[in-house]
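# Give me a model of this one.
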Amino acid sequence: MNPPELPPAATTKPRSTFVTLIAWLTMIAGILGLPISFITILMLLVKSYGTQTSDPIGFVIVVLGPAILLITGFGLLRRYWWARGAGILLLGILIADNAWTLIKGPRPTTTYTSASGVETTVMGSGTNYTSLPVIAICVGLLVKLSSAGVRDDFGAPPRQILAKTDTPVPASDQRHWRVGHHGRDMMYYEENISGTWQRIDIDGEMLMGRAHHVIYFASAERWQSYPEWARDRRAEIIARIKGEFREPDYEYQ
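Next up, the predicted model:
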């Protein structure tokens, strides 16, 4: 079905340069760490000397860390909604780890004798003050990644497909309207009228770019062919649809 002749599409909001830069840096860090991760896995498999000790945090950082960074960076580059949360979580862990290093303070030199009778000395170290700039940088990145401007650059989590027209409305449901997808291309807007969901279909088309759908809103003249309850509320209904199907995941015409 060919879309109706409508005004030109609205300009899509530019993607955040900050997010793109962080995405590439995260992927590069993950790629650089993959060889170390691979070698460590081989050492664990052959039970090489020094791998018998249990260090869960070290295992996650060295073995799983590069893959986690690579996946997270790719998700940030593609603007997947989960990647922003993963980035915030990784920054929070990095802040907590460096803060704990500062709290522990200097480590004294210790000597112990192993089960085989070998005397081993572990050299102490002073307070790692390099953790301070690391914490400051991570806090800055965390604040920026949590900001509304960056948050709007990402798609929303997948919505649950709502029930079809004429589904009874629960008494506890306070919002009397909803939107959703219908088939591959179409969208719809539904409103609770006297306890029953009434629907109007909205033309759309699936895309292959950053925006995965374009929505074709009917002209003012064509809108008058819609049901009576929707005819004089075009601006209000379009605003509600745009509020749910937001840019840059959707484009409007």
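# is residue 206 in a bridge, and if so with what?
Beta-bridge pairing of residue 206 under DSSP bridges involves residue 213.
# same check, this time on residue 202
Going by DSSP bridges, residue 202 forms beta bridges with residue 187.
# Now do the closest residue to residue 74 other than its chain neighbours, the pLDDT please.
In space, and not counting its chain neighbours, residue 74 is closest to residue 27: 6.2 Å by CB to CB, 6 or more residues apart in numbering. For every residue, glycine as well, the C-beta is placed using N, CA and C. Note on residue 27: pLDDT of 92.
# Tell me which residues touch residue 27, please.
Going by CB atoms under 8 Å, 6 or more residues apart in numbering, residue 27 touches 69-70, 73-74, 77.
# mind running it again at 7 Å?
Applying CB atoms under 7 Å, 6 or more residues apart in numbering to residue 27 gives the contacts 70, 73-74.
# How about residue 15?
153, 248.
# That one in helix, strand or coil?
Here residue 15 is coil, with the state taken from DSSP: H, G, I helix; E, B strand; the rest coil.
# from memory residue 186 sits against residue 205, does it?
No - applying CB atoms under 7 Å as the test, residue 186 and residue 205 come out as separate, 9.1 Å apart.
# you'd agree the residue nearest to residue 74 is in a strand?
No - Residue 27 is assigned helix when assessed by three-state DSSP, not a strand.
# how much space between it and residue 190?
Distance, residue 27 to residue 190, using CB to CB, to the nearest Å: 41 Å.
# repeat for residue 251
22 Å.
# re earlier: which among the contacts of residue 27 count as buried?
For the contacts of residue 27, a burial check counting by 16 or more other CB atoms under 10 Å picks out 70, 73.
# Residue 215: which of the contacts of residue 27 is nearest?
Taking CB to CB as the measure, residue 215 lies nearest residue 74 of the contacts of residue 27, at 27.7 Å.
# Test for you: state the pLDDT assigned to the closest one.
Note on residue 74: pLDDT of 91.
# in which helix or strand would I find it?
Assigned by DSSP states H and E, residue 74 falls within helix 65-78.
# starting at the chain centroid, how far to that helix?
11 Å (CA atoms, centre = their mean, to the nearest Å).
# Only the buried residues of that helix, if you could.
If you call a residue buried by 16+ other CB under 10 Å, then helix 65-78 has these buried ones: 65-66, 68-73, 75-77.
# how much space between residue 235 and residue 147?
Separation of residue 235 from residue 147 (CB to CB) stands at 29 Å.
# how about the buried residues of helix 65-78 in a markdown table, adding distance to residue 33?
Shown next, in a markdown table, are the buried residues of helix 65-78 (distance: CB to CB, whole Å):
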| residue | distance to residue 33 |
| --- | --- |
| 65 | 6 |
| 66 | 3 |
| 68 | 10 |
| 69 | 7 |
| 70 | 8 |
| 71 | 13 |
| 72 | 13 |
| 73 | 12 |
| 75 | 17 |
| 76 | 17 |
| 77 | 18 |
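# Now do the strands in the stretch 1-150 of the chain.
Taking DSSP state E, counting those that start in this stretch as the criterion, the stretch 1-150 of the chain carries its strands at 110-113, 119-122.
# avg pLDDT for the first one?
Pointing back at strand 110-113 there. Here strand 110-113 scores 71 as its mean pLDDT.
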